[in-house]
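Asks: Predicted model and sequence follow; I will ask about them next.
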Amino acid sequence: QVQLVESGGGLVQPGGSLRLSCAASGNIFSIRRMAWYRQAPGKQRELVAAISSGGSTNYADSVKGRFTVSRDNAKNTVYLQMNSLKPEDTAVYYCNDQIVTTTLRDYTYWGQGTQVTVSS
């Protein structure tokens, strides 16, 4: 069994910053890709940023230059540093990990979601 626990969401003013964390625990052998998605009301869930096991990153065009994804493999944790936040960044943010379990099987897991609201 694997769990992803997110933290760090909240209310922030435009131009502010937040840092999201997502810690994975359980029967983990290794974690491949770690990613953040978001879903705003009435919109489809979209990829925000992803980081491979080797450290390669990719970002949605809308967040390039403002958001930074990173990972700590020793802690099985992925982070999303969000700077210069805009009202359009308001959404529920979900982490998504591709995990190889201790039984050497591949699964994709989702976090429970954390609300980010950017408003004055």
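Replies: Sure, I can see it.
Asks: Identify the bridge partners of the most centrally placed residue in the chain.
Replies: Most central in the chain under CA atoms, centre = their mean is Trp36, positioned 2.9 Å from the mean C-alpha point. On the basis of DSSP bridges, Trp36 is bridged to Ala49, Cys95.
Asks: How much space separates it from Thr103?
Replies: Using CB to CB, to the nearest Å, Trp36 is found at 27 Å from Thr103. In short, each C-beta sits where N, CA and C put it, glycine included.
Asks: From Glu88, how far off is the spatially closest residue to Ser7 that is not a sequence neighbour?
Replies: Sequence neighbours aside, Ser21 is the residue nearest to Ser7 in space, at 5.1 Å (criterion: CB to CB, 6 or more residues apart in numbering). Ser21 sits 23 Å away from Glu88, going by CB to CB.
Asks: check contacts around the residue of the chain most remote from its centre.
Replies: The centre of the chain is farthest from one residue, Thr103, which by CA atoms, centre = their mean lies 25.1 Å away. Counting by CB atoms under 8 Å, 6 or more residues apart in numbering, Thr103 makes contact with Asn27.
Asks: that older thread, of Ser21 and Glu88, who's got more company?
Replies: Neighbours around Ser21 and Glu88, counted as other CB atoms under 10 Å, are more numerous at Ser21. The numbers are 18 against 10.
Asks: Check which helix or strand that one maps to.
Replies: Here Ser21 sits within strand 18-26, counting by DSSP states H and E.
Asks: Give me the helices and strands touching that strand, please.
Replies: Helices and strands touching strand 18-26, by 3 or more CB pairs under 8 Å, 6 or more residues apart in numbering; DSSP states H and E, are strand 2-7, strand 28-39, strand 77-82, strand 91-101, strand 114-118.
Asks: Could you rerun that using 7 Å?
Replies: Secondary-structure packing of strand 18-26 (3 or more CB pairs under 7 Å, 6 or more residues apart in numbering; DSSP states H and E): strand 2-7, strand 77-82, strand 91-101.
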